[in-house]
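K.L.:
need the 3D shape of this:
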Amino acid sequence: MKASGYDGKIIIDVWEIVQYYYCPRKIYFLRALGIPVLKKRKMIEGQEEHLKEIKRIKERKTIFNYSQEDVKAIYHKLSLEDHDLGLAGQIDLVIELKNNKILPVEIKYSEYMEAFRGRKKQLIAYAILLEKKFNQIVDEGILYFPDRNKQITLPISYEDKKDLIKDLEKIRKLILREKLPVKSNIERCNYCEVAKYCM
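P.N.:
Below is the predicted model:
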């Protein structure tokens, strides 16, 4: 089980929030039972391509519809943690504009170019972590699909952040209860890294 925070609170990684919304059983196997994640070939290729994409982004005239002149800094693979919330993660990319606006960016190498609930939750979690780090309200995030050079900008509300904090407690209860949850969608089983344990 992953380390606990200073007050004994289980630390949830942002990646695990995505897994929870893919199927709660993934969290059961990965966290409650401690089954290691097996990296698929597609994941490894995505990591290699990610480094190339960062270089390409910096060479463009505009960065996610903002001119180079408007951009103050670009942070790549920024590690973030909030001990009070028991939330941690490493975000693909953060854009800091000269007007102090902060934008979390998640780069997705997937043929499914949609803002699935888990993906939006991921951006919300990063928004919360970035607010703590930069002391600045984060009210939108970007999903970027390099294969088609497509981006989806998503608004992030105060209510979204409150709901995300509730999600953290649900995930902690699932881990502590150590009881196999119901599958969320059987069609996803073919693409799941822990399917062989689940079936």
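K.L.:
wait, what's in contact with the residue nearest in space to the middle of the chain?
P.N.:
Residue closest to the mean C-alpha point of the chain, counted by C-alpha atoms, centre = their mean, is residue 122 at 3.5 Å. Residue 122 makes contact with 14-15, 17-18, 106 under the criterion C-beta atoms under 8 Å, 6 or more residues apart in numbering. C-beta here means a position set from N, CA and C on the backbone, and glycine is covered the same way.
K.L.:
going through the residues you listed, which ones are buried?
P.N.:
14, 17-18, 106 (16 or more other C-beta atoms under 10 Å).
K.L.:
could I get those residues as CSV with secondary structure?
P.N.:
Formatted as CSV, the buried ones among the contacts of residue 122 follow (DSSP: H, G, I helix; E, B strand; the rest coil):
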residue, secondary structure
14, helix
17, helix
18, helix
106, strand
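K.L.:
quickly check these for the two that are furthest apart.
P.N.:
By the measure C-beta to C-beta, 17 and 106 form the most distant pair in the buried ones among the contacts of residue 122, at 11.9 Å.
K.L.:
pLDDT weak spots in the protein?
P.N.:
Residues of the chain that meet the criterion pLDDT under 70 lie in 1-7, 38-48, 199.
K.L.:
where do the strands sit along the chain?
P.N.:
Assigned by DSSP state E, the chain shows strands spanning 12-13, 62-63, 66-67, 71-82, 87-97, 102-107, 140-145, 150-155.
K.L.:
so which of these gets nearest residue 131?
P.N.:
strand 102-107 (7.9 Å).
K.L.:
the inter-axis angle of that closest one versus strand 150-155?
P.N.:
In terms of direction (axes from the mean of the first three to the mean of the last three C-alpha atoms, to 10 degrees), strand 102-107 departs from strand 150-155 by 140 degrees.
K.L.:
hang on, the earlier thing: among the strands of the chain, which is the most enclosed?
P.N.:
Across the strands of the chain, the average number of neighbours (mean count of other C-beta atoms under 10 Å) peaks for strand 102-107, which reaches a mean of 23.
K.L.:
direction included, what does that one pair against?
P.N.:
Strand pairing for strand 102-107, determined by DSSP bridges: strand 87-97 (antiparallel), strand 140-145 (parallel).
K.L.:
quick check: angle from it to strand 71-82?
P.N.:
Angle of strand 102-107 versus strand 71-82, following the same axes, to 10 degrees, is 80 degrees.
K.L.:
buried set for stretch 186-199?
P.N.:
Using 16+ other C-beta under 10 Å as the test for burial, stretch 186-199 gives 192-194.
K.L.:
distance between that stretch and the chain's centre?
P.N.:
21 Å (C-alpha atoms, centre = their mean, to the nearest Å).
K.L.:
please save the CA atoms from that stretch in CSV.
P.N.:
Provided in CSV are the C-alpha atoms of stretch 186-199 (Å, rounded to 0.1, in the frame of the first residue of the first chain):
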residue,chain,number,x,y,z
ILE,A,186,-17.6,-5.1,-18.7
GLU,A,187,-16.7,-3.8,-22.2
ARG,A,188,-13.5,-2.2,-20.7
CYS,A,189,-12.2,-5.5,-19.4
ASN,A,190,-10.4,-6.3,-22.7
TYR,A,191,-8.2,-3.2,-22.3
CYS,A,192,-7.5,-3.5,-18.5
GLU,A,193,-4.1,-4.3,-17.1
VAL,A,194,-5.5,-6.3,-14.2
ALA,A,195,-8.2,-8.2,-16.1
LYS,A,196,-6.4,-11.6,-15.6
TYR,A,197,-6.7,-11.2,-11.8
CYS,A,198,-10.3,-9.9,-12.1
MET,A,199,-11.7,-12.6,-14.3
